[in-house]
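J.: The following block contains a protein sequence and its predicted model.
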Amino acid sequence: MLQIEKVREGDVLILQLIGEVDASNSVLLDQSIQESLQPEITVVVIDGQELKYISSAGLGVFMSYVDDFFERGIHFSIFGLTQQVGEVFKILGLDRVIAIVPDKSTAIALRK
Amino acid sequence: MIKTNAIPIGKISLLLAILIWLALLLVDLIRIFGVINNLDSGISEEVTWGLEILFFFFTYFLYRHVFWKSKQVDFVTLLWRGASTGLFAAIAGLLTELIFFALGDSKIGKDPFLQTIFYHLNFAWSSIFLVSTALLWKHLILYQKTKKVVKQWQVFELSMLAALFFIFFNHNNFDYSFLFGLVILLVISILLSANLKWIPYLNFKEKWKTLLFLFLILLSATLLFYRILAYGNEERFQINLTDNLFLMALFGFVMVYGLFSFLVTLFNLPTSSVFEQKLTEALNFQKLSQSIQPEENEEQVLDILVNSCIGASFSDGAWIALNPTEQLKIQNPLRFIEPSTLTELTSLLPAEFQNWTLSPTNELQPYSIRLKHPSYKSALLVPLLVNKTLLAQIVLVKEVKEGFNKEMVNIIGTFARQASISVENHRLLNQAISSERYQEELKIAQRVQKALLPLQLDHPSSFDICAYSNTADEVGGDYYDTYQVDEHRFVLIIGDVSGKGTSAAFHMAQMKGVFQSLIQMGLGPADFMIKANSALSKCLERNHFITASIFELNTLSQQFRHARAGHIPTLRYSAQSHTAEFIAVDGLGLGIVRNQNYENHVQEVTGNYQAGDFLILLTDGILESRNDVGEQFGYTRLKELVEANPQMPPLQLQKAIIDSLHQFVGGDGMIDDDYSLVVVKFK
């Protein structure tokens, strides 16, 4: 089960992921990001505080946006990951290409 | 030899009836002979009555047999048989009278023997007609019988049986008891005459024929009745055969039921078209309900539907409009309408018809509208909804205003819904067939993929190795392989493609290709990862990546070189320290960074091993398997399990790990991911 809460704060888009991202609902996550990408957005932040589990398919979704965001000058970061989920990012090495930050303010501050 | 099971009841009854009639005639002739010659023949009246009863019995058996044989014959044919028998009896009676009238007062005309013979003949014909007609009525009364009607009929038959023997008590006197019996039997006849269920099933033409035949039967019965009354009033015969309760009651029954049938058929004539209409509707409905076979098509259903709708509404024209987005074609969409008229009419229809939008107001019931057209004044639009999309719309038009009443709209709505169900069933059936085909294809894919994993793992005498892989779906994205570089160098690899199922399986096949080709170039672990990343970056979809772990074992120096690309760290057990540790080395998954930068994201480590050491390569499916409270199997459980069983040979340890995993997930718990395991034990 995955629930995605979208919050717009000016040019900041915050997506809160609640539940689990697996092969079956990773498409939903992809759609959700795609839909919310208005041209004026410069910061995309994933709130992972309520993210219980993420499968490789879910990680693939984030990965596919890295280059895209980079080209468009969008700062992309993830904050609030649980230890378990954070570990998954770390093992894959995704923490090297996506900014994994401790909290929301750090995430938003990335743009400066 | 006479077969007991093939007694010709009909023939025996006919023969016996004829013999008994002859005996009856003979007895009467003897009696007349006695009277003429003033001799007492000594034959009592009871003998004649007995013979008469026997004659009735055998006639009854004969005709019961005839009706039993003609069960499948339709009502009109049966009525025609009754009418022809009646006409024959009546005409024969009239001819007899004519003959005697012609003979006049001549000697032969007054001859008592001749008169008696003709009297007996008339009696026989009349009896045959009455008995056969009564049995015909029985057949009609018991059409669609209920228990009650069968009971009524049994009561009537028993009463008639009693009437048959009544003559022995009453001695042919027309007294009160005779009248009483007759009234009772007539009342039962009237009660039975309410059973006329066969009439509505006749069509218009058959009803006219029925009326004619019933009229002929009634006419014949009346004529015969008058003749018998006339005989009864004459005193010239020695014994009266016809003045008995049974025959009179039979007349009554034949006349009463015949009259009721005649009147009811007559009054049913104007409504017969409605009944026929309902019958056609029921048949059409049945046609629509029979789910279409896979080889048949949806167009045929639409065809039946249009015809049924026209039939049910008496429309003057109709056409089917097919939704342009649906891949449907129909050979003849127009019914009684010219293509030019179609364009005129289409322009008069509401916007929702033209746009193929679902109007929430009409709730997908057929709805009628007025038309401002020189020839057509009203139209009924029938939407046909399949899987929530509008498949087709049927337009029925009439030359009169408000030509579609509520009943028509209801029945057409039912037709449309039934047709929708048929089309939906048809589609589901086709889906099921193609899904079965898809399953077959997957099985093939599964076999192909199994073949991609090595059956024999390269290994020298210095280490034992075993591997296990399980997929969540038919095919999966886990990969392991080995390669012998030279006499002392062996390469092991384990990989995991992101996602599951078919796409993962394809990428896994690519990974195998990449491994088998690059490893032959003699690349070290880190270099292999860099080249593999570059190769896979060109063929993986943007949101897919592969994690891998690679070891190069040198059995001579007992060293290993290792690189990890985002894969689960390998568990290494040291026999010397009795501890297991996950080998920590940085490395980014393959296909995440698709440029030269990847070089900065992969490292290589080297290490030594000793006899008794283990390497356990695994995929995340094992560590991420969860139990019913959502807890993951995790690193620690695996580590402890290996530390507890260092003496096990690889295959046994592998089995222990898998068993422990299943136990952890729980008996019915499904491991919803691909998982693989390679266990190496050094000697």
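T.: Ah, there it is.
J.: Who are the contact partners of B:Leu492?
T.: Residues in contact with B:Leu492 (C-beta atoms under 8 Å, 6 or more residues apart in numbering or on different chains) are B:Ile465, B:Tyr480, B:Asp481, B:Thr482, B:Ile550, B:Phe551, B:Leu553, B:Leu615, B:Leu617, B:Val678, B:Val680. Glycine gets a C-beta too; all of them are placed from N, C-alpha and C.
J.: swap in A:Leu28?
T.: Applying C-beta under 8 Å, 6+ apart, the residues contacting A:Leu28 are A:Leu2, A:Ile4.
J.: give me the element it is part of.
T.: Taking DSSP states H and E as the definition, one finds A:Leu28 inside helix A:26-36.
J.: what sits against B:Leu185?
T.: B:Phe156, B:Ser159, B:Met160, B:Ala163, B:Leu245, B:Ala249, B:Gly252, B:Phe253.
J.: at 6 Å what do you get?
T.: If you count contacts by C-beta atoms under 6 Å, 6 or more residues apart in numbering or on different chains, B:Leu185 has them with B:Ser159, B:Ala249.
J.: need the longest helix for chain B.
T.: Longest helix in chain B, counting residues (DSSP state H): helix B:406-452.
J.: Just the buried residues of stretch A:22-37, please?
T.: Going by neighbour count (16 or more other C-beta atoms under 10 Å in any protein chain shown), the buried part of stretch A:22-37 is A:Asp22, A:Ala23, A:Asn25, A:Ser26, A:Leu29, A:Asp30, A:Ser32, A:Ile33, A:Ser36, A:Leu37.
J.: again but with stretch B:335-350, I slipped
T.: B:Arg335, B:Ile337, B:Thr341, B:Leu342, B:Leu345, B:Leu349.
J.: quick one: it to chain centroid distance?
T.: 37 Å (C-alpha atoms, centre = their mean, to the nearest Å).
J.: before we move on, the earlier item: could you point out which element follows the helix holding A:Leu28?
T.: Assigned by DSSP H and E, the successor of helix A:26-36 is strand A:43-47.
J.: Point out the other elements, helices or strands, that that following strand touches.
T.: Under the contact criterion of 3 or more C-beta pairs under 6 Å, 6 or more residues apart in numbering or on different chains; DSSP states H and E, strand A:43-47 touches strand A:12-21, strand A:75-79.
J.: Within range of chain B, give me the residues from chain A.
T.: Within chain A, the positions lying close to chain B (C-beta under 6 Å from any C-beta of the partner chain) are A:Ala23, A:Ser56, A:Ala57, A:Gly60, A:Val61, A:Met63, A:Ser64, A:Leu92, A:Gly93, A:Arg96.
J.: Return the subset of the residues you listed lying in helices.
T.: Of the residues of chain A next to chain B, the ones assigned to helices by DSSP H are A:Ser56, A:Ala57, A:Gly60, A:Val61, A:Met63, A:Ser64, A:Leu92.
J.: And the contacts of the next helix or strand after the longest helix of chain B?
T.: Following helix B:406-452 in sequence order, the next helix or strand is strand B:463-470 (DSSP H and E). With C-beta under 6 Å, 6+ apart as the test, strand B:463-470 has contacts from B:453, B:457, B:459, B:478, B:480, B:650-651, B:654, B:675-683.
J.: Got a quick PyMOL command for the buried subset of these?
T.: Filtering the contacts of strand B:463-470 down to the buried ones (16+ other C-beta under 10 Å) takes a single PyMOL command:
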select buried, chain B and resi 453+457+459+478+480+650+654+675+676+677+678+679+680+681+682
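J.: is it true that B:Asp620 touches B:Pro569?
T.: No. Counting by C-beta atoms under 6 Å, B:Asp620 stays clear of B:Pro569, with 10.7 Å between them.
J.: Show me which of these two is the more surrounded one.
T.: Legend: neighbour count by other C-beta atoms under 10 Å in any protein chain shown for B:Asp620 and B:Pro569, higher for B:Asp620 (22 against 19).
J.: Quick one: neighbours of the closest residue to the more buried one other than its chain neighbours, just the number.
T.: Sequence neighbours aside, B:Ile568 is the residue nearest to B:Asp620 in space, at 5.2 Å (criterion: C-beta to C-beta, 6 or more residues apart in numbering or on different chains). For B:Ile568, the neighbour count with other C-beta under 10 Å is 24.
J.: B:Ile568 against B:Leu617, yeah?
T.: No. Checked against C-beta under 6 Å, the pair B:Ile568 and B:Leu617 is beyond contact range at 8.4 Å.
J.: ok, and the closest non-adjacent residue to the most centrally placed residue in chain A?
T.: Nearest residue to the geometric centre of chain A (C-alpha atoms, centre = their mean): A:Ile46, 3.5 Å. What sits nearest to A:Ile46 in space, not counting adjacent residues and going by C-beta to C-beta, 6+ apart, is A:Ile78, at 4.3 Å.
J.: What's opposite the one you found in the beta bridge?
T.: For A:Ile78, the beta-bridge partners under DSSP bridges are A:Ile46, A:Ile100.
J.: from memory it sits against A:Val45, does it?
T.: No. Judged on C-beta under 6 Å, A:Ile78 makes no contact with A:Val45 at a distance of 7.4 Å.
J.: And the helices in the stretch 51-200 of chain B, which stretches?
T.: All helices of the stretch 51-200 of chain B, identified by DSSP state H, counting those that start in this stretch, fall at B:75-103, B:112-141, B:147-170, B:176-192.
J.: re the thing from before, which helices and strands does the longest helix of chain B pack with?
T.: helix B:272-289, helix B:298-313, strand B:378-386, helix B:501-518.
J.: Pipe those into JSON lines and attach mean pLDDT and mean neighbour count per row.
T.: JSON lines is the format used below for the helices and strands packed on helix B:406-452 (pLDDT from 0 to 100; neighbours: other C-beta atoms under 10 Å in any protein chain shown):
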{"stretch": "helix B:272-289", "mean pLDDT": "78", "mean neighbour count": "15"}
{"stretch": "helix B:298-313", "mean pLDDT": "84", "mean neighbour count": "21"}
{"stretch": "strand B:378-386", "mean pLDDT": "87", "mean neighbour count": "22"}
{"stretch": "helix B:501-518", "mean pLDDT": "90", "mean neighbour count": "20"}
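J.: ok and the residue in the stretch 301-450 of chain B nearest chain A?
T.: Chain A sits closest to B:Leu442 of the stretch 301-450 of chain B, with a gap of 16.2 Å, by C-beta to the nearest C-beta.
J.: ranges for the strands of the stretch 201-350 of chain B?
T.: Taking DSSP state E, counting those that start in this stretch as the test, the strands found in the stretch 201-350 of chain B are B:317-322, B:334-335.
J.: Tell me which other helices or strands the helix or strand bottoming out on mean pLDDT in chain A touches.
T.: Sorting the helices and strands of chain A by mean pLDDT, DSSP states H and E puts helix A:104-109 at the bottom, at a mean of 86. Packed against helix A:104-109, as judged by 3+ C-beta pairs under 6 Å, 6+ apart, are the following elements: strand A:75-79.
J.: So which residues make contact with the strand it packs on?
T.: Contacts for strand A:75-79 (C-beta under 6 Å, 6+ apart): A:43-46, A:48, A:69, A:99-101, A:103-104, A:107, A:110-111.
J.: Next: stretch B:623-638.
T.: B:Leu661, B:Phe664, B:Val665, B:Gly666, B:Ile671.
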